[in-house]
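Novice: sequence first, then the predicted structure, then my questions.
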Amino acid sequence: MVKRYSFELSLHYELDDMAGFQMPNVPPRTRVVRWVEIPVAFALTIPAGHRVEEHMAQEHKGVANPVELVLRSTGVRARFAAACRTIHCAGYQWCSTWLISFGSLLILAALLLAPRAAAQVDPWEFEVYPYATEERGVVEFEADNAVVPNGHNNGGDGTAAGTYPSQGMWYDQYELTYGLTNRIEAAAYLNMAGPSDNGYHFAGSNFRLRGKLLNKGRLPVDVGWYIELEWHKTPEFDKDPLDLELRPIIQKNIGLWSILLNPQFEKSILVGPDKNKGFQFGYSTGVYYRLARYLSPGVEFYGAIGNIDDNTPLYHQQHYIFPVIRGKLLHGIEYNIGPGFGLTRGSDHVIMKLNVSLERFVGAVFGPSSDSGWFL
């Protein structure tokens with residue numbers, strides 16, 4: 001005859017006849033049958049004639065029930081209830097705090113090895129949008145290019161949101177923008193990616209509208225809006241097939257300085273594993289000094305914190321600083337170039353970006369905007 005006792009501990013593991021584990025003062029015939037997954041209790045089977053006595057162990061510096069395990073190295077706070085028990089078996093006794101300690105290590109290992117929902121920065125678009133839009137009837141072709149010379153070696157880390165690692169990755173975005181009115185533009189994007197030594201791949205398409213509210217100078221800051229649909233992503237580069245992104249655009253010019261703010265609110269919609277989650281928050285910000293038309297040094301900041309209601313731990317978030325130079329050259333050519341440096345452990349260490357665009361007037365479809373209007 002055997003007796004079966006259940007204890008609360010959150011693990012999934014199986015041992016048979018201790019499987020070679022050396023536990024202090026435990027007779028070899030004592031057998032752990034199963035520890036099952038959170039939050040179900042594990043079971044301990046004791047041979048007939050042995051007795052189990054529970055009491056709080058005073059020698060463990062007042063450890064109480066429940067025991068709180070704080071996994072600071074992963075940013076996860078986990079609680080599990082497990083009273084410190086002393087078990088007497090055939091004259092031997094040991095405190096099940098050993099089980100708690102051993103279990104804690106397994107929980108820690110599981111959390112370290114489990115995939116995390118990291119806060120993602122869009123690596124195809126290291127660009128801060130200004131208040132101004134394309135003029136009516138003007139077409140702009142833009143190529144936003146970034147390469148990661150010093151990144152991560154595992155998919156899902158750094159700027160890599162899919163299965164390919166970010167180390168050595170090329171991100172190329174080709175954008176075609178058309179000025180519908182003096183206040184609204186429309187754009188379509190083609191995203192391509194070149195993983196290190198793994199070819200050149202289609203990674204997704206974006207479609208957006210961007211506009212400005214009121215005329216320049218009517219408010220203390222110039223305000224614009226931005227709405228984008230990210231569509232047809234491939235799982236090798238992003239697990240979410242359809243995302244909606246919203247941005248208010250804020251710009252303030254002070255003398256020769258320009259300050260641009262692009263808060264970002266992004267959400268998976270309709271399909272995909274994260275469609276029922278809330279909005280994620282990120283940002284693109286730039287400060288520039290207009291030294292000359294063709295040369296404006298500045299600094300840009302990009303980052304993301306994850307879901308608004310469930311932030312990713314800081315060291316798994318991505319935050320970058322880019323010292324840049326930008327300007328407008330002859331024949332409608334604009335450029336923006338600079339290195340980016342990761343500010344957190346979850347960021348890629350170094351990113352290089354080069355954005356180049358070309359503008360041409362091709363003809364207007366809609367009439368001019370009214371000076372007294374505020375939207376169209």
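Specialist: Received the coordinates, thanks. Residues are numbered from 1 along each chain as shown.

Novice: what's the spacing between Val350 and Thr181?
Specialist: Counting by Cβ to Cβ, to the nearest Å, the gap from Val350 to Thr181 is 40 Å. To be clear about C-beta, it is placed using only N, CA and C from the backbone, and glycine gets the same treatment.

Novice: more crowded one of the two?
Specialist: Using other Cβ atoms under 10 Å as the criterion, Val350 and Thr181 rank with Thr181 on top: 22 against 15.

Novice: could you pull out the helices for the stretch 201-350 of the chain?
Specialist: Read by DSSP state H, counting those that start in this stretch, the stretch 201-350 of the chain holds no helices at all.

Novice: in it, where is pLDDT below threshold?
Specialist: 232-233 (pLDDT under 70).

Novice: with just CA atoms, put stretch 211-221 into CSV.
Specialist: Extracted C-alpha coordinates of stretch 211-221, given in CSV (Å, rounded to 0.1, in the frame of the first residue of the first chain):
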residue,chain,number,x,y,z
GLY,A,211,-1.9,64.7,-43.9
LYS,A,212,-1.5,68.0,-42.0
LEU,A,213,-4.1,69.9,-40.0
LEU,A,214,-4.5,73.6,-40.7
ASN,A,215,-1.9,75.7,-42.4
LYS,A,216,1.6,76.1,-41.0
GLY,A,217,1.9,78.4,-38.1
ARG,A,218,-1.8,78.5,-37.2
LEU,A,219,-1.1,76.5,-33.9
PRO,A,220,1.7,76.8,-31.4
VAL,A,221,3.0,73.5,-32.9
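
Novice: may I see the buried residues of that stretch?
Specialist: Buried residues in stretch 211-221, counted by 16 or more other Cβ atoms under 10 Å: Gly211, Lys212, Leu213, Asn215.

Novice: same check, this time on stretch 352-359
Specialist: Of all the residues in stretch 352-359, those buried under the rule 16+ other Cβ under 10 Å are Met352, Lys353, Asn355, Ser357, Glu359.

Novice: give me phi/psi at the first one?
Specialist: Recorded main-chain torsions at Met352 are phi -110, psi 140, according to degrees, to the nearest 10.

Novice: was I right to think it contacts Asn150?
Specialist: No. Judged on Cβ atoms under 8 Å, Met352 makes no contact with Asn150 at a distance of 9.8 Å.

Novice: so which helix or strand takes in the spatially closest residue to Thr133 that is not a sequence neighbour?
Specialist: Distance criterion Cβ to Cβ, 6 or more residues apart in numbering; nearest residue to Thr133, sequence neighbours excluded, is Glu185 at 4.5 Å. Glu185 is part of strand 184-194 when elements are defined by DSSP states H and E.

Novice: any idea whether the residue nearest to Gly332 when sequence neighbours are not counted is helix, strand or coil?
Specialist: Distances taken as Cβ to Cβ, 6+ apart place Glu359 nearest to Gly332, at 3.9 Å, with adjacent residues excluded. Under DSSP: H, G, I helix; E, B strand; the rest coil, the three-state class of Glu359 is strand.

Novice: so Glu359 touches Val139, yeah?
Specialist: Yes. Counting by Cβ under 8 Å, Glu359 touches Val139, with 7.2 Å between them.

Novice: what's the overlap in contacts for those two?
Specialist: Common neighbours of Glu359 and Val139 are not found (criterion: Cβ atoms under 8 Å, 6 or more residues apart in numbering).
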